[in-house]
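Visitor: Sequence and predicted structure, then a few things I'm wondering about:
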Amino acid sequence: MKKQIIIIALSLLGITFLNDVKAQTLTTSQVENAIKKNGKYALLVQNPKHFMVSVMTGEEYKAKSPKIEFEIVLIGEVVKDLAENPELKPFIEKAQKEGVKIVVCEFAMNKLGVKKSQYHSSILTTPNGFTYLFGLQELGFNTITL
């Protein structure tokens with residue numbers, strides 16, 4: 001029995017050392033250029049700083065190709081900030097100008113006491129931000145949660 005265990009251990013060890021280890025050979029530019037010209041991308045965002053960066057990312061993607069679909073889904077505290085923080089207004093306008101869709105969770109709005117009338121007219125709402133994001137995934141969107 002001991003011989004069998006030793007043989008198996010040496011076999012596994014030999015297989016491990018005989019396999020080539022390959023590092024990633026793509027440059028960061030090659031990876032960044034892999035963004036599809038007609039891709040679908042969505043970010044689930046919970047704070048104002050991530051919202052601002054998300055808008056800038058959407059702007060960058062849309063500049064590469066207007067066919068790209070880019071959505072920002074807002075949940076949590078940023079829902080209130082979007083209605084009340086004047087620093088976010090230029091980002092909302094930039095998103096509208098570039099065709100970046102902003103969707104706000106109504107559940108968070110209700111929880112935080114925000115009304116749809118407090119938002120810019122370009123902002124859409126959905127009953128549940130998580131359900132909306134899952135729907136986007138089912139429609140082929142690549143998603144990230146921040």
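Guide: Perfect, thanks for sending it.

Visitor: switch to C-alpha atoms for all contacts and neighbour counts from now on
Guide: OK.

Visitor: who are the neighbours in contact with K94?
Guide: 55, 59 (CA atoms under 8 Å, 6 or more residues apart in numbering).

Visitor: buried ones in the helix or strand containing it?
Guide: Take DSSP states H and E as the rule and K94 turns out to sit in helix 89-98. By neighbour count with 16 or more other CA atoms under 10 Å, helix 89-98 contains the buried residues 91-92, 94-96, 98.

Visitor: quick one: which of these is nearest to Q137?
Guide: For the buried residues of helix 89-98, the minimum distance to Q137 (CA to CA) is 21.1 Å, reached by A95.

Visitor: Thought V55 was touching the closest one, still the case?
Guide: Yes - applying CA atoms under 8 Å as the test, A95 and V55 come out as touching, 5.9 Å apart.

Visitor: Which residue ranges of this structure form strands?
Guide: Ranges of strands within the chain are 40-45, 69-74, 101-105, 124-126, 142-145, based on DSSP state E.

Visitor: Quick check: which helices or strands does the shortest one pack against?
Guide: Translated: strand 124-126. strand 101-105 (3 or more CA pairs under 8 Å, 6 or more residues apart in numbering; DSSP states H and E).

Visitor: so what strands line up beside the strand it packs on?
Guide: With DSSP bridges as the test, strand 101-105 is paired with strand 69-74 (parallel), strand 124-126 (parallel).
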